[in-house]
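Q: coords please:
(2 chains)
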Amino acid sequence: MKKLILITGLLGSSLFAQTNEKIEVPYVPFPVKMGKGFEAVQANCLMCHSFGYILNQGRQSKKFWRGKVDKMIKHFKAPIDEKSAKIITNYLFEQYGNGKKQ
Amino acid sequence: MQRRDFFKKAAVAAGAAALGTNSLEAGTTQQPIDNRKVSNVAFPEKRPLIMYSDRPPLLETPRDVFTSTLTPNDQFFVRWHMPDIPTHIDPDTFTISVNGLVEKELKISLNDLKTKFEQVEVAAVLQCGGNSRSAFKPIAGGIQWGSGAMGCANWKGVRLRDILDHAGLKKDAEWIGFNGSEKAAYYETPNFIRELKLEELDDHVILAYEMNGEDLPYLNGYPLRLIIPGTYSDSWVKMISNITVTNEYKHLFFMDVAYRVPDNACECETHDKRAPKTKPIHRMNVKSVIGYPTRDSVVSHKSHVVVRGVAWDDGHGIKDVMVSVDGGKTWDKALLDDGKLGRYAYRAFRYPFKPKTLGKITIMTKAINKIDQEQPLAKDIQWNHGGYKYNGIDEVTVEVV
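A: As a prediction, the model looks like this:
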């Protein structure tokens, strides 16, 4: 009986959690295009977000992609230097561009 | 496997990751992309959903879920901003801090929250401001969501007002800041913080620990998230860890730069001529989505078909949902559910009909709210650069056999 009370007491103090262990967010391989500048994308972009983020912006102009890189630098404080920013923009436009500069 | 090899495999499982299939430069808003399949990867506490990204996780609910007032937790959409989400939170030791311009600073445990405050419930629609963004042409920047970056749940928790009253607001208190627990990869990256003006707070704003009678799933903000019925979800901070009361507004990326629309009457602009002033996306507009049939449905000639879907707005309430089964030539009123979950929830609608022609038919739905705002045709929706607030008349084309 004593044991039973103890167990009830423990249950009372402990909140129910649907998941008691650490959750695991799966890694997902995305169908990424290889091309010039890919290494710079790997080194600078994937730290913060998956390739899915890039693929799902749709095909975009060079100006759009440069704007995205600038947003990462300006607002999200990604430490990307100007040389890498250019390489990344060129990669994005070549692989996921719409052929338009503006 | 090295992460690098991982990407070089350039592989299969990527679900929604392919580029949009709609034409690229039509220049007119059209129906959002509606041909994406659910992924073969299931995320924690979720069924397989339409998947855009694993880090941060971005998951969309497939259309056929939207036939009832509440969206099941395991099919509820997911949207995070930062790559590092806490993957374990101990409910026994978790506390939320209340500080800043308060009489007494608080650290409230989950247990205290559930036992020492009045428990309240509100059913409310949670919708991303960029839901249906794939409708915009030219393509607006951001994730090219179909129409499933939304859901409706019954949220249970404690009124924010009650918590602030318990702490006691100082006279000059004006803004309430909310911190989520997600972390960026770089220390300098702005945290996901939102601020609400004190006067915007009403009794429907709650801190929720329960969703549809269960703990919040981790990916929907376990153990506690902010619920602001009627507004877009960018303000509904997940995994809330801190509430700070201040007397002045702090400039925040996620409020000052992101989630904004042109500050003019049509909330519109063009690709070449962007609006000089912007404003927060804030309150939701009137919208409906068809849950059945879907583009994959087979409908039999002269059979009894019931079109189903959901309609909602920012809390004025839905008056009518009009349905067309002939591509917009004629319209008829749908039957609405009893609406007992309140004005912030979906109204489920249904419309029985018998297909009288063979071949393709287009079903359309248009919601009208109680102040007579109604959904425009997709083509009449004007562009904004963030692709926010799309609410075009929904359309599904099915084959009658």
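
Q: burial measure for residue 97, as a count.
A: All of this refers to chain A. By the measure other CB atoms under 10 Å in any protein chain shown, the count of residues near A:G97 is 18. Using the backbone N, CA and C atoms, a C-beta is placed for each residue, glycine as well.

Q: wrong chain, I was asking about chain B
A: Neighbour tally, B:S97, other CB under 10 Å: 15.

Q: Please confirm that it is located within a strand.
A: Yes. Counting by DSSP: H, G, I helix; E, B strand; the rest coil, B:S97 is found in a strand.

Q: now for stretch B:195-209, what's the gap between its first and last residues?
A: End-to-end distance for stretch B:195-209, by CA to CA, to the nearest Å: 20 Å.

Q: same check, this time on stretch B:68-88
A: Stretch B:68-88 has an end-to-end distance of 31 Å (CA to CA).

Q: Go through it and flag the buried ones.
A: Residues B:69-83, B:85 are the ones in stretch B:68-88 that count as buried (16 or more other CB atoms under 10 Å in any protein chain shown).

Q: distance of B:T28 from chain A?
A: Look at B:T28 and chain A: by CB to the nearest CB, to the nearest Å, they are 16 Å apart.

Q: Mind checking what helix or strand follows the helix or strand of chain A with the lowest mean pLDDT in sequence?
A: For chain A, the helix or strand with the lowest mean confidence is helix A:2-13, at a mean of 45 (criterion: mean pLDDT, DSSP states H and E). As assigned by DSSP states H and E, the chain's next helix or strand after helix A:2-13 is helix A:38-44.

Q: The helix or strand just after that following helix close to chain B?
A: The element immediately downstream of helix A:38-44 (helix or strand, assigned by DSSP H and E) is helix A:51-55. Yes. Interface with chain B: helix A:51-55 contributes A:F51, A:G52, A:Y53, A:L55 (CB under 8 Å from any CB of the partner chain).

Q: can you count the residues close to the second one?
A: Which is A:G52. Counted with other CB under 10 Å, A:G52 comes out at 23.

Q: Make sure it is actually in contact with B:P56.
A: No. Judged on CB atoms under 8 Å, A:G52 makes no contact with B:P56 at a distance of 9.6 Å.

Q: Per-residue pLDDT of A:Q18, please?
A: With respect to pLDDT, A:Q18 has a value of 73.

Q: With B:G180 instead?
A: Reported pLDDT for B:G180: 88.

Q: same check, this time on B:A17
A: With respect to pLDDT, B:A17 has a value of 45.

Q: now B:G317
A: Looking at B:G317, its pLDDT reads 98.

Q: Could you list the contact residues of the stretch 251-400 of chain B toward chain A?
A: Residues of the stretch 251-400 of chain B lying near chain A (CB under 8 Å from any CB): B:F253, B:V257.

Q: Taking the stretch 251-400 of chain B, what residue is nearest to chain A?
A: As assessed by CB to the nearest CB, chain A sits closest to B:F253 within the stretch 251-400 of chain B, at 5.0 Å.

Q: measure that residue to B:A184 for me?
A: Going from B:F253 to B:A184 by CB to CB, to the nearest Å gives 11 Å.
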